[in-house]
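1. Quick one: sequence and predicted model below, then my questions.
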Amino acid sequence: MSNAQNGTLKEKKDLNDIEAIIEKAIKKIGAKKENELCKYLPMSSGGYMHHFTLKKMKSKKPEDLAKLLKKFVIQKEEPSVIAPKPRAARGSRKRKDQLLFTRSQLERMLNIARLAGDTEIISVLSPKKSLATCKRNLILSIKQNQVDQDLWNMYTECVTGMQEAIDSTHKSNG
């Protein structure tokens, strides 16, 4: 027999062995699917094994998967479900020093800034609007013969921001 034929026979034997071990483990935990075994296999990084990892181990490292299944499922009297890996809380990537205001608090701050005539604080606290919205509101105010400096400032900020974004993409591509 050649080495190639020997290798395929070994692979088939390994595959049959791992299939038998998987079946035994599935019966032990009373599962319906192979993926349910994942919750019983701990990972060194914390939590339980991902189903993709299980599939990969089944084909690439069947002997390692067999050891894990024997250790954590088959040889255990009562196999235990592993707690999932702790995840970062939602919004945890936000800056810690950033102040968060409620909508009513923000409105009050805007009113205080308007009363004080502080245009810089007004522009920082004002909700950002799209260029189309700014244009529409500016045209409306012009049609009504009204001059709204805040609206004009918002429009110029939008146009400047768009121009800076276009310039930065040209620099990075050029």
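-> Looks like it arrived, so ask away.
2. Quick one, grab the pLDDT at Leu15.
-> Listed pLDDT for Leu15 reads 70.
3. isn't it right next to Leu65, touching?
-> No. The criterion here is C-beta atoms under 8 Å, and Leu15 misses it with Leu65 at 11.3 Å. From N, CA and C alone the C-beta is placed, and that goes for glycine too.
4. The two: which has the busier surroundings?
-> Leu65 (24 against 13; other C-beta atoms under 10 Å).
5. Any idea how far the helix or strand hosting that one is from the middle of the chain?
-> Here Leu65 sits within helix 62-69, counting by DSSP states H and E. On the basis of C-alpha atoms, centre = their mean, to the nearest Å, helix 62-69 sits 30 Å off its chain's mean C-alpha point.
6. For that helix, buried residues please.
-> Pro62, Leu65, Ala66, Leu68, Leu69 (16 or more other C-beta atoms under 10 Å).
7. Show the contacting residues for the closest residue to the last one other than its chain neighbours.
-> Which is Leu69. Nearest non-adjacent residue to Leu69, counting by C-beta to C-beta, 6 or more residues apart in numbering: Ala25, 4.7 Å away. Contacts were defined as C-beta atoms under 8 Å, 6 or more residues apart in numbering; by that measure Ala25 touches Leu37, Tyr40, Leu69, Val73, Ile74.
8. Repeat the analysis, applying 10 Å as the threshold.
-> Contacts for Ala25 were tallied using C-beta atoms under 10 Å, 6 or more residues apart in numbering; they are 31, 34, 36-37, 40-41, 65-66, 68-70, 72-74, 79.
9. could you measure it against Ser44, distance?
-> Per C-beta to C-beta, to the nearest Å, Ala25 is found 20 Å from Ser44.
10. wait, Gly161 sits on Leu131?
-> Yes. If you go by C-beta atoms under 10 Å, Gly161 and Leu131 touch, sitting 8.5 Å apart.
11. For this structure, just list every one of the helices.
-> 3-29, 51-60, 62-69, 103-116, 119-125, 131-143, 149-173 (DSSP state H).
12. between those, which one is nearest to Arg87?
-> helix 51-60 (17.0 Å; C-beta to C-beta).
13. would you put the C-alpha positions of the closest one in CSV?
-> The C-alpha trace of helix 51-60 is given here as CSV (Å, rounded to 0.1, in the frame of the first residue of the first chain):
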residue,chain,number,x,y,z
HIS,A,51,-19.5,26.3,16.4
PHE,A,52,-17.1,27.3,13.5
THR,A,53,-14.2,26.1,15.8
LEU,A,54,-16.0,22.8,16.4
LYS,A,55,-16.4,22.2,12.7
LYS,A,56,-12.8,23.2,12.0
MET,A,57,-11.5,20.9,14.7
LYS,A,58,-13.6,18.1,13.5
SER,A,59,-11.8,18.1,10.1
LYS,A,60,-8.4,19.5,11.0
